[in-house]
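S.K.: Fold the stuff below for me.
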Amino acid sequence: MADKTTYAVIRLGAKQYLVKEGDKVVAEKIDIKDGETLQVKEVLLGFDGEKTKIGEPYLDKATVDLVMEGTKKGEKIRIAKFKAKSRYRRVTGHRQLESHFTVKAINL
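M.R.: Residues are numbered from 1 along each chain as shown. Sure thing, here's the model as predicted:
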């Protein structure tokens with residue numbers, strides 16, 4: 001028996017995400033306020049429980065509504081510089097800002 005849930009593949013920033021209603025999405029930082037809704041019109045693929053629709057490149061009139069939960073820092077990346085035989089070592093770190101979303105609705 002096939003799964004009857006609705007899902008979509010969206011493009012958000014430079015990445016693609018497979019989303020269902022209620023999913024949490026962590027994406028590159030987007031400048032909107034907490035609690036606001038972001039409507040993504042770049043839907044690449046949609047599945048409504050029976051039929052799969054593939055966009056060329058995007059589906060017409062299909063949208064995915066995302067609710068902004070907040071902007072947080074991501075995992076720390078360690079950056080090390082080293083030069084052999086010269087006693088040169090430098091270690092720094094970086095934490096990228098990320099936007100956290102919840103999928104509110106998928107409109108195909």
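
S.K.: so where do the strands sit in the protein?
M.R.: Here the chain has its strands, by DSSP state E, at 7-12, 15-20, 24-28, 37-40, 43-47, 52-54, 63-83, 88-107.

S.K.: Please render those as a markdown table that adds mean pLDDT and mean neighbour count to the earlier fields.
M.R.: In short, each C-beta sits where N, CA and C put it, glycine included. Listed next are these as a markdown table, based on pLDDT from 0 to 100; neighbours: other CB atoms under 10 Å:
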| stretch | mean pLDDT | mean neighbour count |
| --- | --- | --- |
| strand 7-12 | 96 | 21 |
| strand 15-20 | 96 | 15 |
| strand 24-28 | 96 | 14 |
| strand 37-40 | 96 | 15 |
| strand 43-47 | 96 | 21 |
| strand 52-54 | 94 | 12 |
| strand 63-83 | 97 | 13 |
| strand 88-107 | 96 | 14 |
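
S.K.: Thought His100 was touching Gly70, still the case?
M.R.: Yes - using CB atoms under 8 Å, Gly70 makes contact with His100 at a distance of 5.5 Å.

S.K.: Look up how far Val40 lies from the most far-flung residue of the chain relative to its centre.
M.R.: No residue in the chain sits farther from the centre than Lys85, which is 43.5 Å out by CA atoms, centre = their mean. Distance from Lys85 to Val40, counting by CB to CB, to the nearest Å: 52 Å.

S.K.: mind listing what Lys15 touches?
M.R.: Ala27, Glu28 (CB atoms under 8 Å, 6 or more residues apart in numbering).

S.K.: what's the answer for Arg89, then?
M.R.: With CB under 8 Å, 6+ apart, Arg89 has these contacts: Ala80, Lys81, Phe82.

S.K.: Dig out what it forms beta bridges with.
M.R.: Phe82 (DSSP bridges).

S.K.: can you pull the contacts of the closest residue to Gly93 other than its chain neighbours?
M.R.: Leaving aside its chain neighbours, Gly93 sits nearest to Lys76 (5.0 Å; criterion: CB to CB, 6 or more residues apart in numbering). By CB under 8 Å, 6+ apart, the contact set of Lys76 is Gly93, His94, Arg95.
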